[in-house]
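S.K.: A predicted structure for the sequence below; I have some questions about it.
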Amino acid sequence: MDFRLLGETAVLATDGTSLDLGPRKQRMVLGALMLRADETIDIEQLIDVIWPETANSRVAVNSLHAYVSKLRRILEPGTERRGDYEILTRRSRGYRLTVRQEALDIGRVRILAQEGRELFAAGHSAQASAYLRKALAEWRGAPLKDFPDRPWIRDEAHYLAELHRGLIEDAAEADLAQGLGPVLVPELGRLLAAFPYRERLRVLTAHALYQAGRQADALSLIAEGRRQMAEAFGLDPDPRIRVMEDRILHHDPSLTPRQVVRLHGNSCARGRRQATLRLTPKALATSPQRGTLSTAKGALSYVTTCFIP
């Protein structure tokens, strides 16, 4: 089964069909357990998240037990005896969802992100971009939007949002290492307009503008960021901003790779589309040393990859 939290809470059966998870609060019970998969969540914590308005804890406890019972039958149909359940189990004062990380979208994101960052650190930017953008493709919408506004949920939502934006920045950095700045400018610019104080994002956008032959715009963007930080917080810019400004002013040759990846297909695609690697089996075929990635004609194409809240 495939457990999905990054968007509407969903579970896909092995044949790809979506399971009917029941009413909203029943889906919220499963979603809360997905957030802390392979950990036991106290009954009191589940009740606080899903029934924050209840004054009768006994009713909430009974409802929780009923929802868990129904979810068990959905996730493990045909398993009747209580001791036979393996996915959603009772542990001491709480419940635990036991699933492999590969079977949970947020688990796959963590695995792919780590692999992508390691590949980038090793100098394999094209392959790193493929893994990072595959991680981004797991997002289907804003997660946890149906949950009540509780501290735990706010913290988890903030973590997921930061993870998502960081992955976008990591993928952009890997793409810039391949000279793909010209096609990154629209998407990075849109994201920077939404989050103007993300200084790493400003550095990446300036880098993309420079690769697109827009040195003046890149320097103007950096100057704008300096003004915004001073006016809003009274702070000097991040050292990375000053470093990028100096590199642009001196036309640092390392800002543009010698061998720029040539994109096949519609290189004039419009709208919210950007260059990335289509993750075909051929494209993901790697050597045992993880050092190669097919970039044959057709491996590179334009696809929409990022959900930006």
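M.R.: Looks like it came in fine. Numbering: from 1, shown residues only.

S.K.: how about the strands in the stretch 51-200 of the chain?
M.R.: 88-91, 94-97 (DSSP state E, counting those that start in this stretch).

S.K.: Reformat these as a markdown table; add distance to residue 148.
M.R.: Every C-beta, even on glycine, is put in place using the N, C-alpha and C of the backbone. Output for the strands of the stretch 51-200 of the chain, formatted as a markdown table (distance: least, CB to CB, whole Å):
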| stretch | distance to residue 148 |
| --- | --- |
| strand 88-91 | 22 |
| strand 94-97 | 19 |
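
S.K.: Please identify which of the ones you listed is closest to residue 34.
M.R.: strand 94-97 (6.3 Å; CB to CB).

S.K.: Give the other helices and strands that that closest one contacts.
M.R.: helix 24-35, strand 40-42, helix 43-50, strand 88-91 (3 or more CB pairs under 8 Å, 6 or more residues apart in numbering; DSSP states H and E).

S.K.: And the strands of the stretch 51-200 of the chain, which one averages the lowest pLDDT?
M.R.: With a mean of 86, strand 88-91 has the lowest mean pLDDT of the strands of the stretch 51-200 of the chain.

S.K.: Just the residues contacting that strand, thanks.
M.R.: Contact partners of strand 88-91, identified using CB atoms under 8 Å, 6 or more residues apart in numbering, comprise 30, 33, 40, 68, 71, 72, 75, 76, 95, 96, 97, 98.

S.K.: change it to 6 Å
M.R.: By CB atoms under 6 Å, 6 or more residues apart in numbering, the residues outside strand 88-91 that reach it are 40, 71, 72, 96, 97.

S.K.: Equivalent analysis for stretch 4-23, please.
M.R.: By CB under 6 Å, 6+ apart, the list of residues contacting stretch 4-23 reads 1-3, 27, 31, 34, 70, 74, 105-106, 138-141, 143.

S.K.: And stretch 92-105, by the same measure?
M.R.: Looking at stretch 92-105 with CB under 6 Å, 6+ apart, the contacting residues turn out to be 3-6, 33, 37-38, 40-43, 68, 87-89, 107, 138.

S.K.: in that stretch, what counts as buried?
M.R.: 94, 95, 96, 97, 99, 103, 104, 105 (16 or more other CB atoms under 10 Å).

S.K.: Next: stretch 224-243.
M.R.: 225, 226, 228, 229, 237, 238, 241.

S.K.: and it, average pLDDT?
M.R.: 90.

S.K.: what about residue 154, neighbour count?
M.R.: By other CB atoms under 10 Å, 12 other residues sit near residue 154.
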